[in-house]
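> Here is my input; please provide its structure:
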Amino acid sequence: MFKKLFGKDKEVNKSTKVYAPITGEFVNIEDIPDPVFAQKMMGEGFGIKPTEGHVVSPIDGRVDNVFPTQHALGLKADNGLEILIHIGLDTVQLDGEGFEIHVENGQSVSVGDPILTFDLEYITKHAKSIISPVIITNSDQATSLSINEPNAVIKGETKIIDVTMN
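Numbering: from 1, shown residues only. Model prediction:
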C-alpha cells in the first residue's frame, strides 16, 4: 500500500547478470597478481587480460564514480549492486596517461555502452600488469553469486556473473 502511495510501485529486480566489460582472456580472481584483489579484500570478482583497449558497461545502471586518474570507474545497478572496473594494476601512478573516459558521474548506462578506452600498448609497457580486475565491491550484500569461468570473453556479450542482491 505505501509503495503505491509514494510512487514506488515499480519492483526492483534483485537479480543481475554481469557481462564482460573488456574483450580478452578470463582470469580467476585468485590469479590476479595483486593481493588486494586476489585475496578478495575489495570483494568477489574476476580479472580480464585484455586483447583490446575498449571498455563497455557490464550492467544496466549508472556511473557511480569516475576516478580522477581515469584508470578505474564504479558502476551501480538499480538493485544496489556495485561494480569496480580497474584497468591494469598499479595504473593509478600513470595519472590518467593512456586512458580516456567516455561517461560522467550519474550517467545512465546499459550493457555494451562504451565507457572507457585505453592504450593497451602504453599500459602494458608502463603498468605492473595489464590484467584488469572487475570487482563486486558489495558482494557481502549478495544472497547468491555464481561466476562462470570461460576461457575467452567478449565485451558486452559474455555473461560472467549471476548475482542476486538482498
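
> Return the residues in contact with the residue lying closest to Thr51 once chain neighbours are set aside.
Of all residues not flanking Thr51 in the chain, Gly24 sits nearest, at 4.5 Å (Cβ to Cβ, 6 or more residues apart in numbering). Backbone N, C-alpha and C define where each C-beta goes, glycine included. Residues near Gly24 by Cβ atoms under 8 Å, 6 or more residues apart in numbering: 48-52, 132, 152-153.

> Turn those into TSV, including pLDDT.
TSV is the format used below for the contacts of Gly24 (pLDDT from 0 to 100):
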residue	pLDDT
Ile48	98
Lys49	98
Pro50	98
Thr51	98
Glu52	98
Ser132	98
Ala152	96
Val153	98
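
> Show me which of these are buried.
In terms of neighbour count (16 or more other Cβ atoms under 10 Å), the buried residues within the contacts of Gly24 are 48-50, 132, 153.

> which one of those sits closest to Asp119?
Of all the buried ones among the contacts of Gly24, Pro50 has the smallest distance to Asp119: 11.1 Å, by Cβ to Cβ.

> Tell me the bridge partners for the residue nearest to that closest one when sequence neighbours are not counted.
Among residues not flanking Pro50 along the chain, Gly24 sits closest, at 4.2 Å (Cβ to Cβ, 6+ apart). As for beta bridges, Gly24 partners with Pro50, Val153 under DSSP bridges.

> Check this protein for its longest helix and report it.
As assigned by DSSP state H, the longest helix anywhere in the chain is helix 120-126.

> what comes up buried for that helix?
120, 123.

> Just the C-alpha atoms of that helix, please, in CSV.
What follows is helix 120-126, C-alpha atoms only, in CSV (Å, rounded to 0.1, in the frame of the first residue of the first chain):
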residue,chain,number,x,y,z
LEU,A,120,46.8,-1.2,-24.5
GLU,A,121,50.4,-0.9,-25.6
TYR,A,122,51.1,2.0,-23.3
ILE,A,123,49.5,0.4,-20.2
THR,A,124,51.3,-2.9,-21.0
LYS,A,125,54.6,-1.1,-21.1
HIS,A,126,54.1,1.2,-18.0
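
> Cheers, nothing more for now.
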